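Have a look at this prediction, sequence included:
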Amino acid sequence: MNYIVKWNNFKMLHQVISYFKFLFHSKTEHGIHSPFVFDLITKCFYDHTKYPEYDNLKSYRKTLLENKNKIVVTDFGAGSKVFSSNIRSVAKIVQTAGIKTNRAELLFRIVRYFKSKHILELGTSLGLATYSLTLGNPESLITTLEGCKNTQNIAKINFEKHSKDTANEGYNKTITNVNFITQEFSDYLKTLDSKSYDLIYFD
């Protein structure tokens, strides 16, 4: 069975997880009766295993945090509420807009748990979440969409670097299984067939 998981942000994801955790601890008639939900909570949300992939994620983030180069960012929609200029350093983008470490690890576990094979990401940015998706299942095929060419180029460069770093760790598909597309979401979604994906992630 394929699962399509759609979250437009991690605030919504947090609400979903909180509800599942409530059910997990509930001793009333509303407690967990579904084996699927019980398994999801215990083997994914509550999984405290220190996976070696977590070190790869931290290394990827560290590389970006050390990158002081500035790029011109193309904002679509309302624009940024944090930056006053569209000229921004890579490190600052990671600090303010990048997916946090614990959330990147959770995203990795979700993909690992569902064994997602065809993944669509809307919002590559600098590739932090993309890298989490990739490590979650190195055999997956990932399409990641980004409107800003400059930020996605940084992601591509980082992927190439970390592909070499993980080549001897069983993740030789870290770069070849990712299809980077530079295009506005609205244009791409007009031709989207959601049945082609078993996981869709909105960054």
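Nice, I can see it.

Going by C-alpha atoms from here, please, whenever you check contacts or count neighbours.
OK.

separation between the residue nearest in space to the middle of the chain and Val94?
Among the residues of the chain, the one closest to the centroid is Ala129, at 2.7 Å (C-alpha atoms, centre = their mean). Distance check for Ala129 against Val94: by C-alpha to C-alpha, to the nearest Å, it reads 11 Å.

just Ala155 next, same as before
Here Ala155 is placed at a distance of 12 Å from Val94 (C-alpha to C-alpha).

Surely Phe36 is within a helix?
Yes - Phe36 forms part of a helix when assessed by DSSP: H, G, I helix; E, B strand; the rest coil.

Next one: it from Val111, what distance?
For Phe36, the distance to Val111 equals 15 Å [C-alpha to C-alpha].

More neighbours: which of these two?
Taking other C-alpha atoms under 10 Å, Phe36 and Val111 do not tie; Val111 has more neighbours (22 against 9).

so where's this protein shaky on pLDDT?
Along the chain, the model assigns pLDDT under 70 to residues 1-34, 77-84, 164-176, 194.

in the sheet, who's paired with Arg88?
Beta-bridge pairing for Arg88 (DSSP bridges): Ile71.

Count the neighbours of it for me.
16.

and if you look at the one 5 residues further on?
Using other C-alpha under 10 Å, the number of residues around Ile93 comes to 19.

Quickly find the element holding it.
helix 90-97 (DSSP states H and E).

Give me the contact list for the helix or strand that that helix is followed by.
As assigned by DSSP H and E, the chain's next helix or strand after helix 90-97 is helix 101-114. Contacting residues not belonging to helix 101-114 are listed as 3, 10, 40, 43-45, 54, 57-58, 128-129, 132-137 [C-alpha atoms under 8 Å, 6 or more residues apart in numbering].

same thing with stretch 145-161?
With C-alpha under 8 Å, 6+ apart, stretch 145-161 has contacts from 60, 63, 71-76, 120-128, 131, 174-175, 180-185.

Which of these fall within strands?
Among these, DSSP state E puts Ile71, Val72, Leu120, Glu121, Leu122, Phe180, Ile181, Thr182 in strands.

Could you pull up the contacting residues of the last one?
Shown here is Thr182, whose contacts under the criterion C-alpha under 8 Å, 6+ apart are Leu145, Glu146, Gly147, Cys148, Lys149, Gln152.

Recalculate using a threshold of 10 Å.
Listed by C-alpha atoms under 10 Å, 6 or more residues apart in numbering, the contact partners of Thr182 are 123-124, 144-153, 188.
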